[in-house]
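Show me the folded form of this:
(one chain, ligands or ions: 1)
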Amino acid sequence: MHIYSINDVCKSFNNGKVEANKNITFSIKRGEIIGFLGPNGAGKSTLVKQMVGLLKPDEGDIHFYDQKINSNPEVLTYFLGYMPQRIGALGDLTASEAIRVTCKLKGLTNEATKVEVKTLMDEFDLNRIDKRPLNKLSGGENRLVAFCIALIANPEILILDEPTDGLDPEVRKIVWNKIMTLNREKNTTIVLVTHNVVEAERVLQRVGLINNGSIRAIGTVGELKDKISNQIKLDLKFNAMEKTNLINLFKDSSIYKVVPLDESHFIIYCDKEYIQSAIKILIENIGLEKFNDFNISTPNLEDVYIQLKKEGIR
Ligand SMILES: Nc1ncnc2c1ncn2[C@@H]1O[C@H](COP(=O)(O)OP(=O)(O)OP(=O)(O)O)[C@@H](O)[C@H]1O
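The predicted structure follows:
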């Protein structure tokens, strides 16, 4: 049975001017780790806010097991841990106070609350920042507390909106490890939003790529990579003066897809059989001496993401 079923969900803002989610449909099985990737403003947070009952879909419906949550989000309270992008309401409390209050809201006894506060404060080394309220902590510290709050009472499903955003590499590793351990040992279902494609590729079992409010592709990391498996990638860094030259060289081609990352950094994607001619074109028209870096590789999930973001997957 699916833990979540999302059917044809649409959500817009500003009297329909901003279509944040358009006909979103997918389901989630118990014990999955699924993540949503997409550029800023793609509609990821809007989607998870509807899944946790903070927003109501304009159209379509969301079921948690067999319960429709559009009109009855309370059913989620005991099953769900949610980490929002920003902690607003608890900002005047310290980490331990915020954890304690959330334990009480979740119905834990005094004794269980005491144990939970101590366990989380110790596990994530939060005692060192417990003198200041959450709104006086750094962005990363604040997000770590938000992550801990989502873990309270060992929920069956965790919905995490950019859990590692702003965390330093060491803490990021701790958070990803915790996510994987909970999934492996307690079969916790994890739904997350992230911009970190490289880390996501290691952790996620299924990925949904969202752009302009729609799911553009959803599947296992392998399935998404298969969409571009016959491609090869040329990563070029060169003198910015050559930018126009390079764009003009390939602008009428349906064989080469040129993606600018910045003024002097470009990626060219093409099917494997065309790579030699791409190199020939570059050498003859620009010259090897103009390139600061030149790298050929097979594409990874990040490339699926880059292509989706810039132009859409072919
Ligand atoms: N409460 C709101 N009122 C008006 N517009 C909104 C509201 N919430 C979101 N939007 C708009 O809906 C679109 C989708 O926003 P959303 O926050 O879901 O994107 P996102 O993919 O989570 O972006 P990011 O990666 O930047 O967090 C954006 O254009 C955003 O400006």
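
Give me the spatial nearest neighbour of the residue in the stretch 201-314 of the chain that the ligand sits nearest to, chain neighbours excluded.
Proximity of the stretch 201-314 of the chain to the ligand (CB to the nearest ligand atom) peaks at I210, 6.5 Å away. (Each C-beta comes from the backbone N, C-alpha and C, glycine too.) Distances taken as CB to CB, 6 or more residues apart in numbering place G38 nearest to I210, at 3.6 Å, with adjacent residues excluded.

Surely that neighbour and V207 touch.
No - G38 is beyond contact range of V207, at 10.3 Å (criterion: CB atoms under 8 Å).

re the thing from before, the residue nearest to I210: neighbour count?
24 (other CB atoms under 10 Å).

K290 too?
15.

which residues touch it?
238-239, 242 (CB atoms under 8 Å, 6 or more residues apart in numbering).

Show me the helices in the stretch 101-250 of the chain, by range?
110-123, 139-151, 169-186, 197-203, 221-226, 243-250 (DSSP state H, counting those that start in this stretch).

returning to what we had before: so what's the residue of the stretch 201-314 of the chain closest to the ligand up against?
Neighbours of I210 in contact, by CB under 8 Å, 6+ apart: 36-38, 42-44, 47, 216.

next one: phi and psi at the nearest residue to P260 once chain neighbours are set aside?
Nearest non-adjacent residue to P260, counting by CB to CB, 6+ apart: F266, 5.4 Å away. Main-chain torsions, F266, degrees, to the nearest 10: phi -130, psi 150.

Check S264 too.
On the backbone of S264 - angles per degrees, to the nearest 10 - the values are phi -130, psi 20.

How about it, nearest residue that isn't a chain neighbour?
Nearest one to S264, counting by CB to CB, 6+ apart, is A240 at 4.1 Å.

And F294, by the same measure?
Per CB to CB, 6+ apart, closest to F294 is L236, 5.9 Å.

With adjacent residues omitted, what lies nearest to the residue nearest the centre of the chain?
Closest to where the C-alpha atoms of the chain average out (CA atoms, centre = their mean) is T194, at 2.0 Å. Excluding its sequence neighbours, the residue lying closest to T194 (CB to CB, 6+ apart) is A200, at 5.1 Å.
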